[in-house]
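Colleague: coords please:
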Amino acid sequence: MTDTATPDTQLDQKRKEAYFTASQGQLIWTRFKKQKAAMVGAWVLILLILSGFFAPFLTPYAPTIAGRDKDYVNGAPQIPKFWDENGFSARPFIYTYKRERSIKTNFRWVSTVDRNERRYLTFLPRGDKYTLLGMTFDRHLFGVDKGQIHLFGTDGTGKDIFSRTFHAINTSMAVGTIGVMIAFVLALIIGGVSGYYGGWIDSILQMITDAVRTVPAIPLFMAIAAFIPDTWSSEQRFFFISIVLGFIGWPTLARRVRTHLLTERNQEYVLAAQLCGASPSHIIRKHLLPSFTSYIIVDLVISFPYMVLSETALSFIGLGFKYPVNSLGVMLQNVTSADVLLNYQWNFIPVIFFIVLVLAFVFVGDGLRDAADPYSETRK
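Modeller: Numbers count the residues shown, from 1 in each chain. I've put the predicted structure just below:
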């Protein structure tokens, strides 16, 4: 007999074979790619993470007093131009500004723009030294030939908001990563032991889990803030906040791990492993936990925005990081005054980055949750 299958039929058969022979990770990735919002969120999230990690190179100045521009305090954003009333320029430029006292402001210092004097953008100029990947560099992505450039303007001390924003993203992401990892390890250990053994061990661990879940967050953080000495360095405060966020963020994942293990511990493959003499820790690590790895990954991704939100909220109300540390929460403290709201609206730019970061995590988490559900397509 001759094969009368058309090319389209053969292609469909190959797709079916690929579907039924694909691994769990490949199936999740295939379903995830079909969700446009999740894919957009993933690309935005990758871009923000890389921007925060490479912030010392991407930003022109140090986000500290060392990089401040004392002649441009509370300065408006400087947008590079190619032409103005003085003509066209092949190189992008900004205007020169001068700091002087004005009779209109009761002789307070103000910055005035000189539209007749241009400063041209330069790429890969030398600037403040920084450490990246264990090496020291002094090259930055961009700068100007004279003075300084501030794409997002400056704050009340003259520090560049563009530089502070990208360094703040890196700090908040680092806190979220440490907090999620601590919560992840605790959830796997407590949820795994509770679900595998059951009985009185399960009862005790669940009482501990419920106790942690019922602790009110704000009073706890207020007590912690009173406990932290003012003499602690930024690094000490950073690790302490990360540990606290991790120790209160594990109960939800622990409950999910426990529920799964309670249903899986009596399966035949678990009994076979027990008959072969495998230890409980080996069975949990090698057999039970890998059986729902995708759900654990989804839970981790979904937990990230809540960790970032917690850090931001703590720093915003003064219980977390404090100036001069650069985090999204610390930068949001600058927008609480009426003076900033009325006169220096560019201080709200970090708020936009914070909203985009959280939304990107939410979209990616929702997409992964739907992609990891084997019945998601059948419900549509």
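Colleague: any idea of the mean pLDDT in stretch 303-320?
Modeller: Stretch 303-320 carries an average pLDDT of 74.
Colleague: in it, which residues are buried?
Modeller: Across stretch 303-320, burial judged by 16 or more other C-beta atoms under 10 Å covers 303-317, 319-320. All C-beta spots, glycine's among them, are computed from the backbone N, C-alpha and C.
Colleague: what do you get for stretch 51-64?
Modeller: 51, 52, 53, 55, 56, 58, 59, 60, 61, 62, 63, 64.
Colleague: among those, show me the least confident.
Modeller: Within the buried residues of stretch 51-64, residue 64 has the lowest pLDDT, namely 83.
Colleague: dump the residue contacts of it.
Modeller: The contact partners of residue 64, taken as C-beta atoms under 8 Å, 6 or more residues apart in numbering, are 159, 324.
Colleague: got phi/psi on it?
Modeller: Main-chain torsions, residue 64, degrees, to the nearest 10: phi -120, psi -180.
Colleague: show me the helices in the stretch 51-200 of the chain, by range?
Modeller: Applying DSSP state H, counting those that start in this stretch to the stretch 51-200 of the chain gives helices spanning 55-58, 161-197, 199-213.
Colleague: so which of the ones you listed is nearest residue 114?
Modeller: When the helices of the stretch 51-200 of the chain are compared by C-beta to C-beta, helix 161-197 sits nearest residue 114, at 22.0 Å.
Colleague: what's the closest non-adjacent residue to the residue most central in space within the chain?
Modeller: Nearest to the geometric centre of the chain sits residue 173, at 3.9 Å (C-alpha atoms, centre = their mean). Nearest-residue entry for residue 173: residue 52, 5.6 Å, with adjacent residues in sequence omitted and distances by C-beta to C-beta, 6 or more residues apart in numbering.
Colleague: next: residue 154.
Modeller: Nearest non-adjacent residue to residue 154 (C-beta to C-beta, 6+ apart): residue 75, at 4.4 Å.
Colleague: show me the contacts for the one you found.
Modeller: Residue 75 neighbours (C-beta under 8 Å, 6+ apart): 69, 97, 111, 150, 153, 154, 158.
Colleague: so which of the helices of the stretch 51-200 of the chain gets nearest residue 276?
Modeller: helix 161-197 (16.4 Å).
Colleague: got the angle between the closest one and helix 199-213?
Modeller: Counting by axes from the mean of the first three to the mean of the last three C-alpha atoms, to 10 degrees, helix 161-197 lies at 160 degrees to helix 199-213.
Colleague: could you give me the buried positions within helix 161-197?
Modeller: Neighbour-count burial for helix 161-197 [16+ other C-beta under 10 Å]: 161-180, 182-184, 186-196.
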